[in-house]
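Undergrad: Build the 3D model from these lines:
(chains A and B, ligands or ions: 2)
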There are 2 protein chains.
Amino acid sequence: MTTDQISITTATHKKEKPSQDQVPFGTIFTDHMFMMNYDTNEGWHDPRIVPYAPISLDPAAMIFHYGQTVFEGLKAYRAEDGRILLFRPEKNFQRLNLSSDRLSIPPIDEERMLEYLIKLLEVEKDWVPSTLKTSLYIRPFIISTEPNLAVGPSRTYTFMIILSPVGSYFPGGIRPVTIHVEEQFTRAAKGGTGMAKTAGNYSSGYQAQAIAKKEGNADVLWLDGAEKKYIEEVGSMNIFFKINGEIITPALTGSILKGITRMSIIELLQSWGMPVTERKISIEEVYQAFTEGTIEEVFGTGTAAIISPIGELNWQGQKMIINNHEIGEVSQKLYDTITGIQRGQLEDPFGWVVALS
Amino acid sequence: MTTDQISITTATHKKEKPSQDQVPFGTIFTDHMFMMNYDTNEGWHDPRIVPYAPISLDPAAMIFHYGQTVFEGLKAYRAEDGRILLFRPEKNFQRLNLSSDRLSIPPIDEERMLEYLIKLLEVEKDWVPSTLKTSLYIRPFIISTEPNLAVGPSRTYTFMIILSPVGSYFPGGIRPVTIHVEEQFTRAAKGGTGMAKTAGNYSSGYQAQAIAKKEGNADVLWLDGAEKKYIEEVGSMNIFFKINGEIITPALTGSILKGITRMSIIELLQSWGMPVTERKISIEEVYQAFTEGTIEEVFGTGTAAIISPIGELNWQGQKMIINNHEIGEVSQKLYDTITGIQRGQLEDPFGWVVALS
Ligand SMILES: Cc1ncc(COP(=O)(O)O)c(C=O)c1O
Ligand SMILES: Cc1ncc(COP(=O)(O)O)c(C=O)c1O
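TA: Ligands and ions are numbered 1, 2, ... in the order given. Below you'll find the predicted structure:
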């Protein structure tokens, strides 16, 4: 199978593109999408680019009943010279296969997936916005489609890529957020699906997020499922702490997502001579550092915001105000460097950026 | 809104009904299905019975990405006098709303849901099979349908009921099964979604189930997510132990499903003067009882099998053979009584059965 076997059906009507400044996240989609099917006889087959349109599924399709599904999220950026840039896209496709493995979904050749994405982006290149801080959000996902109510892996799947132009995550500039430390609800347990990017991990957090938001918090910081003691991650972000000069992030113990931003930050800080300690970190340790005045910066990391400084942590009725609600020096430098590399404004010494030709 | 507002569109082509003895579980569906929509303006609206057919969804529909969905499972039985009987259906709709609450899905009036189901069964009454041990499996479910990649509750939903004729769970008669006690993977943690019937809880078990099956086990017995010490439940069944005359089932601590068969068995045994102890029970306690020869019966309970005797538990390389791989006296009596009540062959002193008029 080679890339040129991708069939392309062009949309007859093109949508109007949104004004670049006022795009809400994830509600506007481009004119085309990528699709490919799997069945046990043919394996993954029939890669195709088709007009963006509803898909038709049997009401008994397994995705509706047993949640066998995985997804990814990455972005395409427009450089000042007009080129379209991707940030470590191979890492997303590697992680998609890791997620698929956890969910008993057959893997897809990682290089092929990247070829499919690039082909789709070539078709949709006018949709990559050029205003500073806008981008084209890319959502690859796999759903189980066999109509069967018996609990067990599906024998048919559909892999899709859809594209959505997105505005700035911080329209008014970066602003540190307030985060609620969750004590009651659990996102993921050891031995569960926490390290996979799979649908059920997200809706299971809605109740906790609603309570946190009602109390004025932007999101939830999850603690480990066993003891509610160790810090895991925030909503759709990994988390870093700078305490007494040491930069710490929770180790990958199986219940948190291996963020690609996290990975890149660790490599970047390493190159700056600021090694990151990946280890267990308890909320008590953070609180202790807060009371001692040694907590310097806290920030979340993820594809959406890249760096989201955390200005306040609410835990058991205690307000921990961090760096006076201001953006820390390391946070700002990381944000500037990574977004600069992503947009082709800074040199890319790590070879992270893939440019469409 | 009253029941007669349900619109009915009759299928023009009726499918051939399967031979009653050889029906695989959950792959054949009847001619019609029930549908109803939710949006924030109208609430739940437009209840309708329509021909069974594929549904159309935007590729960005939230069900595909964040797994906000719940379901139920119950059965309709054909009595010897031809009546169609349901077993405690109100409990399923109560549980559906409990699951919805956990997943931030708006509730549906429970009496209305039962009316909708009964109306659908009236349309599909010829699909309720009459051979002994066959039944019509009923799958109500709710999916989140808003096209939006922002993580958070959907603003639109579809509630559906589909029906599937099913053969005997034990075609060759009840046979005790072998179960693997899972030490590595976790189904649900305290504070998670274990008490809800939601899609993600099921596919998260596929890997463990595949390993267990490869080693000759029928299913997995899950231990608690925190310590892997206390017994939770089996695949789609709750579990009961008879040890030294005492009948024990794991207490509902939030991580296991509140089975309707479980509840009925507790009430039935109570009425027989055999109270069930709902408490924490560790796998060590079971192993200890096994070595002391005091473990008399073990069985799983659920809508599919009603009672599934467990003849062997495999734990850390130890084979615990129970009751010489034979069906225990209590298991058999429970099976006969509950299935007898469900099919209208035995008196129903509890008022559990709902008959269609
Ligand atoms: C649960 C979770 N954690 C962390 C992240 C951050 O990962 P990445 O940096 O790859 O975007 C995400 C978002 O992708 C996520 O969904
Ligand atoms: C996880 C789980 N536990 C237990 C049960 C048994 O519940 P019930 O007796 O209501 O069928 C089921 C099946 O419905 C289930 O899915």
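
Undergrad: from here on, contacts and neighbour counts on C-alpha atoms
TA: Fine.

Undergrad: ok, now how distant is the residue lying farthest from the centre of chain A from ligand 2?
TA: Going by C-alpha atoms, centre = their mean, the residue of chain A most distant from its centre is residue A:292, 33.6 Å out. Noted for residue A:292: a distance of 46 Å to ligand 2, by C-alpha to the nearest ligand atom, to the nearest Å.

Undergrad: which residues in the stretch 1-150 of chain A form helices?
TA: The residue ranges that make up the helices of the stretch 1-150 of chain A, judged by DSSP state H, counting those that start in this stretch, are A:62-66, A:89-102, A:110-123.

Undergrad: burial count for residue A:337?
TA: By other C-alpha atoms under 10 Å in any protein chain shown, 18 other residues sit near residue A:337.

Undergrad: er, residue A:278 I mean
TA: Other residues near residue A:278 number 14, with proximity taken as other C-alpha under 10 Å.

Undergrad: isn't it right up against residue A:253?
TA: No: between residue A:278 and residue A:253 there is no contact, the gap being 10.2 Å when judged by C-alpha atoms under 8 Å.

Undergrad: Could you break chain A into its assigned domains?
TA: Partitioning chain A according to automatic domain parsing yields domains covering residues A:7-166, A:177-341.

Undergrad: Let me know how buried residue A:148 is, in neighbour terms.
TA: Burial of residue A:148 is recorded as 24 neighbouring residues (other C-alpha under 10 Å).

Undergrad: returning to what we had before: which pLDDT value goes with the residue farthest from the centre of chain A?
TA: Taken from the predicted model, the pLDDT recorded for residue A:292 is 98.

Undergrad: what's the spacing between it and residue A:320?
TA: Note on residue A:292: its distance to residue A:320, by C-alpha to C-alpha, to the nearest Å, is 11 Å.

Undergrad: does residue A:217 really touch residue A:179, like I thought?
TA: Yes: counting by C-alpha under 8 Å, residue A:217 sits close enough to residue A:179 to count as a contact (5.1 Å).

Undergrad: Look at these two and report which has more neighbours.
TA: More neighbours sit around residue A:179 than around the other of residue A:217 and residue A:179, counting by other C-alpha under 10 Å; the figures are 25 against 19.

Undergrad: give the contact list for that one.
TA: In this structure, residue A:179 makes contact with A:212, A:217-221, A:310, A:312-314, judged by C-alpha atoms under 8 Å, 6 or more residues apart in numbering or on different chains.

Undergrad: Looking at those, point me to the pair that's furthest apart.
TA: Farthest pair in the contacts of residue A:179 (C-alpha to C-alpha) is A:212 and A:310. Separation: 14.7 Å.

Undergrad: State the number of residues packed around the residue nearest to residue A:122 when sequence neighbours are not counted.
TA: In space, and not counting its chain neighbours, residue A:122 is closest to residue A:356: 7.9 Å by C-alpha to C-alpha, 6 or more residues apart in numbering or on different chains. When neighbours are counted by other C-alpha under 10 Å, residue A:356 registers 14.

Undergrad: In contact with residue A:356, which residues?
TA: Residues counted as contacts of residue A:356 (C-alpha under 8 Å, 6+ apart) are A:83-86, A:118, A:122.

Undergrad: Against ligand 2, how distant is residue A:147?
TA: 18 Å.

Undergrad: typo on my end, it should be residue A:137
TA: 36 Å.

Undergrad: Same question for residue A:311.
TA: 40 Å.

Undergrad: Now that residue: which helix or strand?
TA: Using DSSP states H and E, residue A:311 maps to strand A:306-315.
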